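**Q** Sharing a model prediction with you, sequence too.
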Amino acid sequence: KRFAFFKIEAEAVEGVPDLYPIDSVPACVLLKKNASKPLEVIIGANPPKLVAALKKHKSLSSEAAPSTEKAPSLKDLNARLAKLVRAAPVMLFMKGSPENARCKFSKQIVQLLKEQKVVYSYFDILTDDQVRQGLKNFSNWKTYPQLYIEGKLIGGLDIVKAHIEEDEFRDMLPKESTKEALEDKLKFLINKSKVMLFMKGEPDAPRCGFSRKIVDLLNETGVKYSTFDILTDQEVRQGLKKYSNWPTYPQLYVGGRLVGGLDVVTEMKEDGELMEALNV
């Protein structure tokens, strides 16, 4: 009764490999209630080690050992919020995700943005209570969803509806926030180099274990390749998933065509097909 167990796909849930030191799967992350810092991370399928870790930490409870994590200062929180509202030209703060909205208002605004063919990024406020509470004061807007364009608050569902009904909404959007403009940008990027890797971080400083491993595989081939850090551009990060119909990163392209992610590249390497796929 002391433990709750959850199973997730590390790359399917945005940001998980960035939060914890996971460089391969499967992996078990032990967390204390209401704490973000892991008690322990176990890499690989190792039941004896997992059982030993559970026994070691079972005496810890949120009552006996309260979290020592300090809440960020107001200055630090506002700096983070200022960065988040500008994470993409059009940024939606909502409950849930566009594919799985967790309230009717979020669901309705997602549908409106879809009808207007708006390219946007989103933040699920249910995953971070500091953002959920802090953004209300930061923007002086007490409810969700909240829509921002180029860092400026537009408003919630009713305001967006009104702008659309008055034929004002399209004029408020940056040019690059239309579906057509994003597709042109993605086509340019995937054709920027004969071999193009979309990853988290840079080749000399990968930001997740999956990106690190695919960089090692490519470096072993000696083939020249270019990279794009998807952490620097939320529009590309979200848009490329839909454009390529591939939900995770890294993604490898050759001649403008998707080869696949780490698992596919690893399998091709083991089967002796990688060099041929890279057109070497």
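**A** Okay, I see it.
**Q** Please make it C-alpha for all contacts and neighbour counts, starting now.
**A** Fine.
**Q** Extract the residue ranges of the stretch 151-280 of the chain that are flagged as low pLDDT.
**A** Regions of the stretch 151-280 of the chain meeting the criterion pLDDT under 70 cover residues 176-179, 280.
**Q** redo that, cut-off 80
**A** Along the stretch 151-280 of the chain, the parts satisfying pLDDT under 80 run over 175-181, 234, 280.
**Q** mind checking how far residue 79 is from residue 98?
**A** Using C-alpha to C-alpha, to the nearest Å, one gets 26 Å for the distance from residue 79 to residue 98.
**Q** if you count what's nearby, which of those two comes out ahead?
**A** Neighbours were tallied for residue 79 and for residue 98 using other C-alpha atoms under 10 Å; the higher tally belongs to residue 98 (21 against 11).
**Q** what about the residue nearest to that one when sequence neighbours are not counted, which helix or strand?
**A** Closest residue in space to residue 98, ignoring its immediate chain neighbours: residue 110 at 6.0 Å, by C-alpha to C-alpha, 6 or more residues apart in numbering. Take DSSP states H and E as the rule and residue 110 turns out to sit in helix 104-115.
**Q** where do the strands sit along the stretch 1-150 of the chain?
**A** Shown for the stretch 1-150 of the chain, the strands assigned by DSSP state E, counting those that start in this stretch span residues 27-30, 40-43, 90-94, 96-97, 100-101, 121-124, 146-149.
**Q** give me the number of residues near residue 196?
**A** The burial count assigned to residue 196 is 23, neighbours taken as other C-alpha under 10 Å.
**Q** meant to ask about residue 279, not that
**A** Close neighbours of residue 279, defined as other C-alpha under 10 Å, add up to 11.
**Q** Kindly report the same for residue 220.
**A** Applying other C-alpha under 10 Å, we find 9 residues neighbouring residue 220.
**Q** would you list every one of the helices in the stretch 1-150 of the chain?
**A** In chain order, the stretch 1-150 of the chain shows helices spanning 16-19, 47-57, 74-84, 104-115, 129-139, with DSSP state H, counting those that start in this stretch as the criterion.
**Q** Need phi/psi at residue 174.
**A** When quoted as degrees, to the nearest 10, the phi and psi of residue 174 stand at phi -60, psi 150.
**Q** any idea how far residue 223 is from residue 87?
**A** Using C-alpha to C-alpha, residue 87 is found at 33 Å from residue 223.
**Q** More neighbours: which of the two?
**A** More neighbours surround residue 87 than the other of residue 87 and residue 223, with 22 against 12 (other C-alpha under 10 Å).
**Q** Need the nearest residue in space to residue 252, chain neighbours excluded.
**A** In space, residue 252 comes closest to residue 197 once its chain neighbours are excluded; the distance is 4.6 Å by C-alpha to C-alpha, 6+ apart.
**Q** Before we go further, the one you found is sitting in a strand, right?
**A** Yes - inclusion of residue 197 in a strand is indicated when DSSP: H, G, I helix; E, B strand; the rest coil is applied.
**Q** Please enumerate the strands of the stretch 151-280 of the chain.
**A** Assigned by DSSP E, counting those that start in this stretch, the stretch 151-280 of the chain shows strands spanning 152-155, 195-199, 201-202, 205-206, 226-229, 251-254, 257-260.
**Q** tally of neighbours for residue 127?
**A** The criterion is other C-alpha under 10 Å. On that basis, residue 127 has 11 neighbouring residues.
**Q** same deal with residue 4?
**A** Neighbour count of residue 4, defined by other C-alpha under 10 Å: 7.
**Q** contacting residues for it?
**A** Residues in contact with residue 4, defined by C-alpha atoms under 8 Å, 6 or more residues apart in numbering, are absent; none qualify.
**Q** quick one, phi psi at it?
**A** As for residue 4, its main-chain torsions (degrees, to the nearest 10) stand at phi -120, psi 140.
**Q** cool, and residue 98?
**A** In this entry, residue 98 is assigned phi and psi values of phi -60, psi -30 (degrees, to the nearest 10).
**Q** Isn't it up against residue 108?
**A** No - here residue 98 does not reach residue 108: they are 10.0 Å apart, not a contact under C-alpha atoms under 8 Å.
**Q** Buried deepest among the strands of the stretch 151-280 of the chain, which one?
**A** Ranked by mean neighbour count under mean count of other C-alpha atoms under 10 Å, the strands of the stretch 151-280 of the chain are led by strand 195-199, which reaches a mean of 25.
**Q** Starting from it, tell me which strands it pairs with and how they run.
**A** In the sheet containing strand 195-199, its partner strands are strand 226-229 (parallel), strand 251-254 (antiparallel), by DSSP bridges.
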